[in-house]
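A.B. asks: all I have is the shape, not the residue letters:
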C-alpha cells in the first residue's frame, strides 16, 4: 500500500482529516491533520489529537516497514493550505493568499491597476456558480492600504475600488488561509469605530 494511502486511512479511521504529508531529505515525515468540517462548528486540533494520531501512525508505519527518522504530527495552523475543492468550499468568505502558476497577463484589464506580471494575491474567497452549475472561484480585494491603529482617516478620501480575479483550481500553484492574528481589544471592532479626521 502507498504511504499516502496508508497514512490517509489511519488518520481518517481515527476521525480526523488528512491535510498534507511532507517528507524531507533528512528523514522527517510531517503529517498535518485537521478536524473534519462541520458547518457552523469551530473545532480545533489539540496536543492530545496529535499524540493519538502519532501513536497510531508509529504502529502502522512500523508494520508497513516505512523508513523515516522522525514523525511529526501537527495541526495546519493559521495559514492552513487549501488544496481540494472541499477546502475552498469550507473556507469561502475567508481571507486567503493565492499564488497562480502563471502571471495573469491579458486578464489584467486596461483600466486595472493590477500588473500583468502579478501572480500573488490576498483577498476574500468567493464561490461563483458557472453556467454548467459547477463551482467557480474568485478572490476579491482592494489595494487600499490598511489603516494603522491611531491613524486619522479623512472623510473626503475616496476608497480604492474592489477588484476581483476569477480562477480555477488548476490555475493555482498554492493557496493558503491568510495568517491574520486578531488581538481582541487592540483595534476597533468596525470601520465605524475608527477615529476620523475632522
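C.D. replies: The structure has been received and is ready for your questions. Only a predicted model underlies this, so the values are computations on that prediction, with no experimental measurement involved.
A.B. asks: how far away from the center of its chain is the host helix or strand of residue 55?
C.D. replies: Using DSSP states H and E, residue 55 sits within helix 47-64. The chain centre lies 26 Å from the centre of helix 47-64; the measure is CA atoms, centre = their mean, to the nearest Å.
A.B. asks: just the buried residues of stretch 117-135, please?
C.D. replies: By 16 or more other CB atoms under 10 Å, the buried positions in stretch 117-135 come out as 121, 123-125. C-betas here are computed from N, CA, C, even on glycine.
A.B. asks: same question for stretch 82-93.
C.D. replies: So for stretch 82-93, counting by 16+ other CB under 10 Å, buried means 82, 87-88, 90-91.
A.B. asks: which among those gets closest to residue 169?
C.D. replies: Taking CB to CB as the measure, residue 88 is the one of the buried residues of stretch 82-93 closest to residue 169, at 7.1 Å.
A.B. asks: ok so the closest one is a helix residue?
C.D. replies: Yes: looking at residue 88 with DSSP: H, G, I helix; E, B strand; the rest coil, it is inside a helix.
A.B. asks: which residue ranges form the helices in the protein?
C.D. replies: Per DSSP state H, the chain carries helices over the ranges 3-13, 47-64, 85-90.
A.B. asks: check what contacts the shortest one and list those residues.
C.D. replies: With contacts defined as CB atoms under 8 Å, 6 or more residues apart in numbering, helix 85-90 is touched by 37, 80-82, 125, 127, 135, 137, 169, 175.
A.B. asks: can you check the second one too?
C.D. replies: The set of residues that contact helix 47-64 without belonging to it, under CB under 8 Å, 6+ apart, is 1, 3, 6-7, 10-11, 14, 16, 29, 31, 33, 35, 68, 71, 73-75.
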